[in-house]
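S.K.: only geometry, no sequence info:
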């Protein structure tokens, strides 16, 4: 079972998708039930990953089977402390997204469920692949279901957004594909195995080119400023489930790609580029926050806040100290949870009022008290108030990015500017909450909006609970992330960037040497 | 003196097809006026018999007809591919011919004859018989392109195809003559041996000959700047014939190109590789940019077929190394999607009309879900996105280019693939994301066409997931060229 677990997690959704595709078109309820059922079972199975995970560096649950042996391509999957949590995030968010759009998707329900399941398979596949060919297949194949989700079930400008999303992401990825091929040739190992290639030494001059190709693909996916322009369109036009998955999981693939591929494969180039990545990250933090501040549209505001939040993640990765990288991974999980919840709630408002303009609301606290309470909690998680998960992530990133890091002499300046993002986040989020939920009910349409119903509660409660749990019990998570991070940092740049991880928001932990 | 023993077995598959073609023609003579002979069943039987013959030949280890017509692993691979293409085309044809009113007996005969030419093209190891095969194939196709006598576009297609075809034959023949002058032989092996130690005059002749051959083949595979016939011919010809041209002719022409350049001209690789690389670049760029500007689906697919010739040429640069197996694999992937793409258009034909514009396929996903899904699979494969044969194929094409030190070709190739995503996606957008316009004017998908389209889609997906068997076979075939 241990060996087959990851394979099951990848292919169970595919099997589910095939089953749903075979259901008659009219059996809408059965299609929804099957979709939710399969993704829920996949989530329960993925809990076995956490249960059986050993707190140690290196790959676990590994399987390796020859696939195209003549070219050195194999079906090689495995997880470590970095990827396991991202797999969990994926399996956790998918059923929530499906349940969240239970009643808002009424057209072509069968196709919707099929694409959501295929998307889940692709996402899990990306996080568990340990072979470049396999990785690329999942990486690119994922575009197709997402493209359909945006293009068929999206809002007014959905076709434009879907095509832009597809072209942008593909344009970024294809050069990475060529870089794979060049790396394959340069390494001379006749293998596409990521673990094996990480040990190969590539000529530093060539590394620069290859790193640039990888970085472009990942920077578009993150998205880092100035490669972010596809994101507001895609997020705003996508249906709620699409936005949740897009923000919750897809954006994590860029950061994951940097950590799994770009930095370990090309250490010299990474050292050269890191300050610049840090700079772009910090620009993204401030830029995303400032743009969020002036958004009149709720969904756009949340979308641009992602640019800002992901800037923190990228700053942590660029700093490349154990603390900062652990924080970056933690922050990826946090962002998945809090932004996922925000998109779900914006979707719920849209379902009720068919508008997302902040100006159209006001005084909702009195009308929908439960909704307002949950929204406030999610907001607090998003703006990193202590006690919530966001605080742990951002604190670790800022702490770890300070001093001796891969961004070299720029580190202090980068952190100083990044801190302003924390304050700006509080400003744009709380101001938005104030305008939507407080004050008088000015628009009579808002006077009789129904509060959360049972289904919506079931969708949101796990997210809020997890945000609190991850805020309070962070050592449970960081202790499982940190060994993998430490071994990554040491393998790439020696011991110079190993710092004691602040396992509980400031308190140095006992492990991690 | 005893006559040399001639082993005719290698020619059996081609002979079966030729005899079937004649039988269809004869059957037409015995059919009452105004009715069509059962050409499709005859042809299917002949093609299946030929496929069995290929299998038996493969089991026997191939054969050699007097050194001119050889059946080695390379030609066996192409035999299977070309006969497969023939099967799909014949399955697609009956309903299309009825819908467009061109159901005449000679159609199947001509299709079978052109297939015979293609088989010869990939099997001839001697330049004159290679040329004869090319003409057998082409003459049948000239007639097929103009089969739609009532439509001026069809007439234009036939005329254009004929004139440019004759023109390119001239180049090819002149090239053959120069190579003969340089080496004193028309046998590929003898030419190859003679060119290994050329004198200065010989080298100049051979280089000129090589250039002319490249031009001749450039016409046949529709590479830029010898592509200008392709959009008009693809648009004007009956759609099933367009499918045959884009899948079969391209495969056969690339087969002949690889054989000639791999067996006769490896000594001149240093001079033809840069030329092929240049052709690849302009073909990829012009083909894709041209496709962007098309509103007619058949023309769009025609430019896309030009673009794909460019991707293939990028790997030909790496011939005779791993480039050959990459090209061989890609030709299968490419044949499947083009048969599917044109086949899907043909399957919808009704009362002389077939879908030509994006508006014609708007909302197709809600009216013909299976057909739309199959078409989406082909388009995704053409774009080169996994999970599809097109992705695996492009991966190996560009791997060959990179391994041969032509990384720039791979970079241009993948960037052009992104451009291509735009025009392929337009069709998907129309089918899935737009509402249908007007009444449903298209035919229900006929069973035989459904079978053909399903087969193509299955091949595309299967090769995307499990390409190893075909890759291994392609590798064996590539080795037999050395």
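M.R.: Cool, the structure landed. Worth saying up front: this structure is predicted, and the values here are computed from it rather than measured.

S.K.: can you tell me the helix or strand for residue A:76?
M.R.: According to DSSP states H and E, residue A:76 maps onto strand A:73-79.

S.K.: what packs against that strand?
M.R.: Applying 3 or more CB pairs under 8 Å, 6 or more residues apart in numbering or on different chains; DSSP states H and E, we find strand A:73-79 packed against helix A:5-22, strand A:60-68, helix A:109-128, helix A:132-141. Where C-beta positions appear, they are placed from N, C-alpha and C, glycine not excepted.

S.K.: can you give me the offset of it from its chain's centre?
M.R.: Here strand A:73-79 is found 22 Å from its chain centre; the criterion is CA atoms, centre = their mean, to the nearest Å.

S.K.: if I pick the residue nearest to residue A:210 when sequence neighbours are not counted, what's in contact with it?
M.R.: Leaving aside its chain neighbours, residue A:210 sits nearest to residue A:179 (4.6 Å; criterion: CB to CB, 6 or more residues apart in numbering or on different chains). Contacts for residue A:179 (CB atoms under 8 Å, 6 or more residues apart in numbering or on different chains) come out as A:209, A:210, A:213, A:214.

S.K.: So for the residue of the stretch 1-150 of chain A found nearest chain B, what's the nearest residue that isn't a sequence neighbour?
M.R.: Nearest residue of the stretch 1-150 of chain A to chain B, counting by CB to the nearest CB: residue A:137, 4.2 Å away. The shortest distance from residue A:137 to any non-neighbouring residue, by CB to CB, 6+ apart, is to residue B:386 (4.2 Å).

S.K.: cool, and residue A:261?
M.R.: residue A:214 (5.9 Å).

S.K.: State the helix or strand in which that neighbour lies.
M.R.: helix A:204-221.

S.K.: Run the chain-centre distance for that helix.
M.R.: Here the centre of helix A:204-221 is set off from its chain's centre by 20 Å, with CA atoms, centre = their mean.

S.K.: How about stretch A:49-64?
M.R.: So, by CA atoms, centre = their mean, the centroid of stretch A:49-64 is 21 Å from its chain's centroid.

S.K.: What are the contacting residues of it?
M.R.: A:2-7, A:9, A:74-81, A:84, A:87-88, A:130, A:195, A:479-480, A:483-484, A:486-488.

S.K.: before we move on, the earlier item: residues touching the residue of the stretch 1-150 of chain A closest to chain B, list them.
M.R.: A:125, B:386, B:387, B:391.

S.K.: Regarding the second one, what is its secondary structure?
M.R.: For residue B:386, the secondary-structure state derived from DSSP: H, G, I helix; E, B strand; the rest coil is coil.

S.K.: and the residue of chain A nearest chain B?
M.R.: Proximity of chain A to chain B (CB to the nearest CB) peaks at residue A:174, 3.6 Å away.

S.K.: Please look at that residue and residue B:416 and confirm they touch.
M.R.: No - look at residue A:174 against residue B:416 with CB atoms under 8 Å: they stay out of range, at 9.4 Å.

S.K.: where does the residue of chain B found nearest chain A land on pLDDT?
M.R.: Chain B approaches chain A most closely through residue B:414 (3.6 Å), counting by CB to the nearest CB. Looking at residue B:414, its pLDDT reads 94.

S.K.: ok, and the closest residue in space to it that isn't next to it in sequence, which helix or strand is that part of?
M.R.: Once flanking residues are discounted, residue B:414 sits nearest to residue A:174: 3.6 Å by CB to CB, 6+ apart. Assigned by DSSP H and E, residue A:174 falls within helix A:158-187.

S.K.: Next, the angle from that helix to helix A:204-221.
M.R.: Angle, helix A:158-187 to helix A:204-221, by axes from the mean of the first three to the mean of the last three CA atoms, to 10 degrees: 160 degrees.

S.K.: State the next helix or strand along the chain beyond helix A:158-187.
M.R.: Scanning forward in sequence from helix A:158-187 by DSSP H and E, the next helix or strand is helix A:194-198.

S.K.: What residues of the host helix or strand of residue B:382 count as buried?
M.R.: In the assignment (DSSP H and E), residue B:382 maps to helix B:369-383. Within helix B:369-383, the residues scored as buried using 16 or more other CB atoms under 10 Å in any protein chain shown are B:369, B:371-383.

S.K.: low-confidence ranges in the chain?
M.R.: Reading this off chain A. Across chain A, residues meeting the criterion (pLDDT under 70) sit at A:1, A:495-496, A:499-513.

S.K.: looking at chain B here, not the other one
M.R.: B:1-6.

S.K.: Chain A contacts on that one?
M.R.: Residues of chain B lying near chain A by CB under 8 Å from any CB of the partner chain: B:380, B:385-387, B:391, B:395, B:398-399, B:402-403, B:407, B:410-411, B:414-415, B:417-418, B:421-422, B:425, B:429, B:432-434, B:467-468, B:471-472, B:475.

S.K.: Can you select the buried ones from those in PyMOL?
M.R.: Provided next is the PyMOL selection string for whichever of the residues of chain B next to chain A are buried by 16+ other CB under 10 Å:
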select buried, chain B and resi 380+385+386+387+391+395+398+399+402+403+407+410+411+414+415+417+418+421+422+425+429+432+433+434+467+468+471+475
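
S.K.: Around chain B, pick out the residues from the stretch 1-150 of chain A.
M.R.: Within the stretch 1-150 of chain A, the positions adjacent to chain B are A:67-71, A:133, A:136-137, A:140-141, A:143-144, A:147-148 by CB under 8 Å from any CB.

S.K.: Could you confirm residue B:427 falls within a helix?
M.R.: Yes - using three-state DSSP, the assignment for residue B:427 is a helix.

S.K.: Correct me if wrong: it contacts residue B:297.
M.R.: Yes - with contact defined as CB under 8 Å, residue B:427 counts as touching residue B:297 (7.0 Å).

S.K.: okay, and the common contacts of the two?
M.R.: Common neighbours of residue B:427 and residue B:297, using CB under 8 Å, 6+ apart, are B:358, B:361.

S.K.: quick one: the strands in chain A?
M.R.: A:60-68, A:73-79, A:502-504, A:507-508 (DSSP state E).

S.K.: got the angle between the first one and strand A:73-79?
M.R.: Relative orientation of strand A:60-68 and strand A:73-79, computed by the same axes, to 10 degrees: 170 degrees.

S.K.: in its sheet, what does strand A:60-68 sit against?
M.R.: Here strand A:60-68 has these sheet partners by DSSP bridges: strand A:73-79 (antiparallel).

S.K.: Give me the nearest residue to residue 48, chain neighbours excluded.
M.R.: Using chain A here. Nearest non-adjacent residue to residue A:48 (CB to CB, 6+ apart): residue A:5, at 6.0 Å.

S.K.: nope, chain B
M.R.: residue B:87 (7.5 Å).

S.K.: Pull the number of nearby residues for the one you found.
M.R.: 21 (other CB atoms under 10 Å in any protein chain shown).

S.K.: Report the buried residues of stretch A:423-432.
M.R.: By neighbour count on 16+ other CB under 10 Å, the buried set for stretch A:423-432 is A:424, A:425, A:426, A:428, A:429, A:432.

S.K.: need the contact list for the residue nearest to residue B:48.
M.R.: Residue B:87 neighbours (CB under 8 Å, 6+ apart): B:44, B:47, B:48, B:51, B:452.

S.K.: what's the answer for residue A:220, then?
M.R.: A:168, A:169, A:171, A:172, A:227, A:230, A:254.
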